[in-house]
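Colleague: following is a predicted model, sequence given first.
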Amino acid sequence: MLFSDFTVRSITLKNRIVMPPMCMYSAADDGKATDWHFTHYATRAVGRTGLIIVEATGIEPGGRISANDLGIWQDDQLAGLQRIVELVHKNEGKVAIQLNHAGRKSEVPGLEPVAPSAIPFSEKSPVPHTLTLDEIRQVVEHFRQAAKRAVRAGFDAIEIHGAHGYLLNQFLSPLANRRQDEYGGTPANRVRLLGEVVEAVRAEMPVSMPLFVRVSAHEYDCAGNTPETVADMLNLVKDKGIDLVHVSSGAVTPVAPRAYPGYQIGFALTVKENTGLPVIGGGLVTEPLQTEQIIKAGVDLVFLGRELLRNPYWPLQAAERLDGSVNWPEPYLRAR
């Protein structure tokens, strides 16, 4: 099953293997892609990863996690992103881009971090600026403009980053959001910004183009979100155009999860069961038989992060282990 097709809207993936967005911190200070990105993403396409999701890409300068993140806030950043798309497509892969605003976790020098509330990420973090209603509307507009550029760059899908303690996750979480207006308090209010971003991004996308949302389904705090509460919030906004949920966990606070192989798979299944949406699941997944079992359990796509960093040709080797049918790159056939 790992090497079966999967279709979402108009794109069909040749297998269920996903490389999740993983920051390379290798962009120039202006947010433009470098040779590192071209080699990194093209190599995973050569290795036959079904879907490659480009790392968290800042929708504005202060929305980057670091000064060396990719950016998509101005047109002159598109040439490098288009080159990534061309290289992945040339090697028979599909490629999405993850749009992000880091919020209070931004560490870009000289730029003040922002958040739903003036609560720092950790004791060592600066107190962020509380976004005003006008500034929230500007964030939505930045996501919209970023989506327009992502479509122009030729990406197959767009993912909105609502996980790992970045800005949209901060609004979703009662641990970071203490607002008393329409963006805070109840789950319906905390998910409002995500819903507005989904609407804005979807409006700039062709009907045929899939839209993903990544979430932290568990915050590892008794006062934080759980897979059930995250699913409930997703149900309030999914009809605005969400096609698939990319399920991760943690990082809204410095508390680290007790990680083990496949530790987030149960979260993904809960989100799928409670929303009816297809899901990407993973978490320290490394073995071909393990991925096969995850698909059989009901997860639609499996992400492999660290494993694909270690071995960009993992899909080719996994296919041999599972007796799957994979079209090897012709220059590599002698190694099969």
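Modeller: Looks like it came in fine.

Colleague: contacts for the helix or strand encompassing His37?
Modeller: Take DSSP states H and E as the rule and His37 turns out to sit in helix 35-46. If you take Cβ atoms under 8 Å, 6 or more residues apart in numbering as the criterion, helix 35-46 is touched by 19, 24, 26-27, 52, 54, 70, 80, 83-84, 87-88, 90-93, 95, 308, 312-313, 329, 332. Just so you know, the C-beta spots here come from the backbone N, C-alpha and C atoms, and that holds for glycine as well.

Colleague: what's the burial count for the residue nearest to Tyr41 when sequence neighbours are not counted?
Modeller: Sequence neighbours aside, Ile84 is the residue nearest to Tyr41 in space, at 5.1 Å (criterion: Cβ to Cβ, 6 or more residues apart in numbering). The tally of other residues near Ile84 (other Cβ atoms under 10 Å) stands at 24.

Colleague: can you name the residues that contact Gln82?
Modeller: Contact partners of Gln82, counting by Cβ under 8 Å, 6+ apart, are Ala153, Gly154.

Colleague: can you say which of the contacts of helix 35-46 are buried?
Modeller: Buried by 16 or more other Cβ atoms under 10 Å: 19, 24, 27, 52, 54, 70, 80, 83-84, 87-88, 91, 93, 95, 308, 312-313, out of the contacts of helix 35-46.

Colleague: how far out from the middle of the chain is the helix or strand in which Thr270 is found?
Modeller: Thr270 belongs to helix 265-275 when elements are defined using DSSP H and E. On the basis of Cα atoms, centre = their mean, to the nearest Å, helix 265-275 sits 17 Å off its chain's mean C-alpha point.

Colleague: cool, and stretch 242-261?
Modeller: Its chain's C-alpha centre and that of stretch 242-261 lie 11 Å apart, by Cα atoms, centre = their mean.

Colleague: with just CA atoms, put that stretch into PDB.
Modeller: The C-alpha coordinates for stretch 242-261 follow below in PDB (Å, rounded to 0.1, in the frame of the first residue of the first chain):
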ATOM      1  CA  ILE A 242      -8.900  22.500   3.600                       C
ATOM      2  CA  ASP A 243      -8.200  19.300   1.700                       C
ATOM      3  CA  LEU A 244      -5.800  17.500   4.000                       C
ATOM      4  CA  VAL A 245      -4.400  17.800   7.500                       C
ATOM      5  CA  HIS A 246      -0.700  17.300   8.200                       C
ATOM      6  CA  VAL A 247      -0.500  16.100  11.800                       C
ATOM      7  CA  SER A 248       2.400  16.800  14.100                       C
ATOM      8  CA  SER A 249       2.600  17.900  17.700                       C
ATOM      9  CA  GLY A 250       4.300  20.000  20.300                       C
ATOM     10  CA  ALA A 251       6.500  23.100  20.200                       C
ATOM     11  CA  VAL A 252       4.000  25.700  21.400                       C
ATOM     12  CA  THR A 253       6.000  25.700  24.600                       C
ATOM     13  CA  PRO A 254       9.600  24.400  25.300                       C
ATOM     14  CA  VAL A 255       8.200  21.100  26.700                       C
ATOM     15  CA  ALA A 256       9.600  18.200  24.600                       C
ATOM     16  CA  PRO A 257       7.400  15.200  23.800                       C
ATOM     17  CA  ARG A 258       8.400  11.700  24.900                       C
ATOM     18  CA  ALA A 259       9.100  10.600  21.300                       C
ATOM     19  CA  TYR A 260       9.300   7.000  20.000                       C
ATOM     20  CA  PRO A 261       8.900   5.500  16.600                       C
END
